[in-house]
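[1] Model the following, please.
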Amino acid sequence: MSRSMKQFHDAQWHIVQQAGGLLLNRSISKPQLHSLKSTRHLILAVSFWHSSFSKLINSQGYYLHSLYNWLKLTLIPSEVEKLSPSWFEELIEAYNRVLPYATTASKAIKSFVQVIHGISEQQAEEMKTKKEVEDGLRELDKKSEEIRNIDKKLYLSNSRVGILGLPGGGSWSDAQDPLAKKKKKLREHQRRVEEDTRAKVFNDLHAGLLRLFEAMTEFSDASAQALEKFCGSHDRPT
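    Numbering: from 1, shown residues only. Okay, here's the model as predicted:
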């Protein structure tokens, strides 16, 4: 099982390593409320993975040490002597050799949770900016319409007394909108925020996944080697 897990994590690491640039260059849809919810669900899922992984590693160690202590208390002295250096002690040693890799993997999972937290915050900030820009554009459109109506009234009033009004018979083009520059600045600000957020999200995600799968690959590889060495020294099947 450990060997298969190592192969899967190794393949995942290579895929993420090669896919980083491709992901960033793809056209990505803008974050919506459902994508923000999906990100928060992912936080819960990876947090549960981290908790379960840590409990598994700690429980294995607690079980091995408890069982060894129970055997020492239960067996008669002559049998206790046979336990050292026994296959059981070697199994504990194998666990202890793998433990540093398990600790590193656990930290990598926890770190990935923080990466997703950061992505969630960035998505929320981008949606906030989007709403602010949309509200600002609506307000500017409202003011533009008010100015347009005033100019139309002036045109009609001036035309009655023979004064030249707006070109085009009182009609407006976008280029004549006095608030067009402000609207353009708002849209450019939103686009910059989207581009910066997208770049940061994928850079953080790419780096986080690389660290995660690298740590999991090393852990599963160390586990497989430790078990194979232990089983091989005692003629036990892997």
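[2] In stretch 204-220, which residues are buried?
    204-206, 208-220 (16 or more other CB atoms under 10 Å). C-beta coordinates here come from the backbone N, C-alpha and C atoms, glycine included.
[3] which ones are touching the nearest residue to residue 49 once chain neighbours are set aside?
    Nearest residue to residue 49 in three dimensions, chain neighbours excluded: residue 109, at 6.0 Å (CB to CB, 6 or more residues apart in numbering). Counting by CB atoms under 8 Å, 6 or more residues apart in numbering, residue 109 touches 46, 49-50, 53, 212, 215.
[4] How far off centre is the top helix by length along the chain?
    Determined from DSSP state H, the single longest helix within the chain is helix 87-160. Relative to its parent chain, helix 87-160 has a centroid offset of 12 Å by CA atoms, centre = their mean, to the nearest Å.
[5] Give me the angle between the following helix or strand past that helix and helix 87-160.
    Next in sequence after helix 87-160, counting helices and strands by DSSP states H and E, comes helix 180-233. Orientation note: helix 180-233 sits at an angle of 170 degrees relative to helix 87-160 (axes from the mean of the first three to the mean of the last three CA atoms, to 10 degrees).
[6] From residue 216, how far out is the residue nearest to the spatial centre of the chain?
    Geometric centre of the chain, nearest residue: residue 116, 3.2 Å, by CA atoms, centre = their mean. Per CB to CB, to the nearest Å, residue 116 is found 16 Å from residue 216.
[7] so where's this protein uncertain?
    Applying pLDDT under 70 to the chain flags residues 1-10, 12-33, 75-86, 155-156, 158-176, 234-238.
[8] Spit out the contact partners of residue 95.
    Counting by CB under 8 Å, 6+ apart, residue 95 makes contact with 60-61, 64, 226.
[9] er, residue 50 actually
    Taking CB under 8 Å, 6+ apart as the test, what residue 50 contacts is 106, 109-110, 113.
[10] Rebuild those residues as JSON lines, extending it with distance to residue 149.
    Listed next are these as JSON lines, based on distance: CB to CB, whole Å:
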{"residue": "106", "distance to residue 149": "65"}
{"residue": "109", "distance to residue 149": "60"}
{"residue": "110", "distance to residue 149": "59"}
{"residue": "113", "distance to residue 149": "54"}
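[11] which residue packs closest to residue 147, ignoring adjacent ones?
    Residue 147's closest residue in space is residue 178 (CB to CB, 6+ apart), at 6.3 Å.
[12] Next, that neighbour: phi, psi?
    Backbone torsions of residue 178, given as degrees, to the nearest 10, read phi -70, psi -20.
[13] That one and residue 144 touch, don't they?
    Yes. At 7.5 Å, residue 178 counts as touching residue 144 under the criterion of CB atoms under 8 Å.
[14] more neighbours, these two?
    Per other CB atoms under 10 Å, whichever of residue 178 and residue 144 has more neighbours is residue 144, with 18 against 12.
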